[in-house]
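Undergrad: Pasting the sequence and the predicted model now:
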Amino acid sequence: MLKVSDRIAAMELSPTLAMSQKSREMKAQGIDVINLSVGEPDFDTPDHIKKAAQKAIDDNYSHYSPVPGFLELRQAVVNKLKRENGLDYTTDQIVVSNGAKQSIANAMMSIVNKGDEVIIPSPFWVSYSEIVKLAEGTSVFIPTSIEQDFKITPDQLEKAITSKTKAFLFSSPSNPTGSLYSKEELRALADVFAKYPDIVIMSDEIYEHINYVGSHESMAQFDDMKDRVVVINGVSKGYAMTGWRIGYIAAPLWIAKACGKLQGQMTSGASSIAQMASVAALDGDQSSVVSMRTAFKKRRDLALLQLKEIPGFEIREPKGAFYLFPQVSQLFGKSNGSVSINNATDLSLYLLETANVATVTGEAFGAPECLRLSYATSEEQMAEAIRRIKSAIENLK
Ligand code: PMP
Ligand code: GLU
């Protein structure tokens, strides 16, 4: 019988991308859908970055690039890590990939053996668990609640660790919750890891620049942790470059080498043009990063005020990224007469069909009591979306 591998059969479709595709299809049918599903900046890539890409084309950057990335870009990453994070790396510890998504997959495939456990605080970004599955590992989720600001405690971490634990994977700022771990909170987790020297910490820092409360804190800042931390980052979110597909890791040499080996057989070096654009992003004027962050913060504040008016939405202020993650379980059991809402997936579909607003069910992130809305959209669109959501919810009895 012709059929796909068990590996692919066991894998979920990316629900963020699937919801975005669905709203694109509805738009193509002429339906006025507001898409709050996929998380990507709505801004255009800044001009100086686009110009660098145009120059790279003119300068014939048309050949294969080195597998781990052009030295120029890896040096720009090293400089960025020093300048912004106070971290010392050498260029051979940097591997550039086709987006942070590939960086995570590379690192996971490089360290996890069949049956190894990977601890993931939940709610978590949708692709984490699927990437662990692909590497034949087992995800061990640590549940968190809105009351604890969706952050794990050292005690919870300690309880989740077993002799099979190989890695810990988390994002701060977090997708989907927008929570941030402070330096003290990271140190408290590091104190637990200090007792377990064989666990690799995968620190997804892709939302680093979208932080509304202060400086970014990385687990790699602690000298006793750094040689087993994989910092994952990229240009997608901070520089409005999601489609350019450039991500990177900064890692201990043995992991960087393994990722390069895998990438050399799977995809080769990332796009040469996009890499040269990323050099301009990291080395160039950073004022667009600041202005985009300021715009996101304004949108968050407005959206929060408006969302608080919606009955049944329990919400706290996210400190980073560009998502709102209300707890909506108070609405479960309600109906508009024809549609019953029994979970967040029902609610997300109800909002898509009756209010024409695309969101993502919390189920996708391991939080079936929540709903994710991206506010990386204009203030007007956001206000209109919330008006529609409110009126659809008011029809539920
Ligand atoms: N990590 C997190 C937490 C994300 O939200 C995303 C965005 N999809 C990524 C990694 C991957 O980003 P990209 O592949 O676009 O660099
Ligand atoms: N990070 C974004 C999101 O969570 C992009 C979509 C994706 O790659 O999953 O919506």
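TA: Sure thing, it's come through. Ligands and ions are numbered 1, 2, ... in the order given.
Undergrad: so Pro154 sits right up against Asp191, yeah?
TA: Yes: applying CB atoms under 8 Å, one finds Pro154 in contact with Asp191, separated by 6.6 Å. C-beta here means a position set from N, CA and C on the backbone, and glycine is covered the same way.
Undergrad: Enumerate the residues of the stretch 101-250 of the chain near ligand 1.
TA: When proximity is defined by CB under 6 Å from any ligand atom, the stretch 101-250 of the chain lies next to ligand 1 at 101, 125, 171, 175, 204, 206, 234, 236, 242, 247.
Undergrad: can you pull the contacts of the first one?
TA: This points to Lys101. Going by CB atoms under 8 Å, 6 or more residues apart in numbering, Lys101 touches 127, 247.
Undergrad: Would you check how far apart it and ligand 2 are?
TA: Per CB to the nearest ligand atom, to the nearest Å, Lys101 is found 6 Å from ligand 2.
Undergrad: Which of the three states applies to that residue?
TA: helix (DSSP: H, G, I helix; E, B strand; the rest coil).
Undergrad: number of nearby residues for Thr345?
TA: 17 (other CB atoms under 10 Å).
Undergrad: mind checking the backbone torsions on Arg293?
TA: The main-chain torsion angles of Arg293 are listed as degrees, to the nearest 10 and equal phi -60, psi -40.
Undergrad: sorry, back to before: is it possible to export the residues of the stretch 101-250 of the chain next to ligand 1 to TSV including secondary structure and pLDDT?
TA: Rendered in TSV, the data for those read as follows (DSSP: H, G, I helix; E, B strand; the rest coil; pLDDT from 0 to 100):
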residue	secondary structure	pLDDT
Lys101	helix	98
Trp125	coil	96
Ser171	strand	98
Asn175	coil	98
Asp204	strand	98
Ile206	coil	98
Gly234	strand	98
Ser236	coil	98
Thr242	helix	97
Gly247	strand	98
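Undergrad: Let me know the closest of these to Asp283.
TA: Closest approach between these and Asp283, by CB to CB: Gly234, at 15.4 Å.
Undergrad: What residues are bridge-paired with that closest one?
TA: Gly247 (DSSP bridges).
Undergrad: Check the nearest residue to Asp88 once chain neighbours are set aside and give its pLDDT.
TA: Taking CB to CB, 6 or more residues apart in numbering, and ignoring the residues beside it in sequence, Asp88 has Lys82 as its nearest neighbour in space, at 6.5 Å. The model reports Lys82 with a pLDDT of 98.
Undergrad: Just to check, Lys82 is in contact with Thr90?
TA: No: Lys82 is beyond contact range of Thr90, at 11.0 Å (criterion: CB under 8 Å).
Undergrad: number of nearby residues for the residue in the stretch 201-350 of the chain that ligand 2 sits nearest to?
TA: Here the residue of the stretch 201-350 of the chain nearest ligand 2 is Thr242; by CB to the nearest ligand atom that distance is 7.1 Å. Here the neighbour count serves as a burial measure; for Thr242 (other CB under 10 Å) it reads 17.
Undergrad: Quick check: it touching Glu40?
TA: Yes: if you go by CB under 8 Å, Thr242 and Glu40 touch, sitting 4.3 Å apart.
Undergrad: Next, show the common contact partners of those two.
TA: With contacts taken as CB under 8 Å, 6+ apart, Thr242 and Glu40 have Ser236 as neighbours in common.
Undergrad: how about the nearest residue to the spatially most central residue of the chain, chain neighbours excluded?
TA: Nearest to the mean C-alpha position of the chain, counting by CA atoms, centre = their mean, stands Asn175 at 4.9 Å. Nearest-residue entry for Asn175: Trp125, 4.7 Å, with adjacent residues in sequence omitted and distances by CB to CB, 6+ apart.
Undergrad: Please apply the same query to Pro311.
TA: In space, not counting the residues next to it along the chain, Pro311 is nearest to Ile393; the distance is 6.4 Å by CB to CB, 6+ apart.
Undergrad: ranges for the helices of the stretch 151-300 of the chain?
TA: Counting by DSSP state H, counting those that start in this stretch, the stretch 151-300 of the chain has helices at residues 154-160, 183-193, 253-266, 272-283, 287-307.
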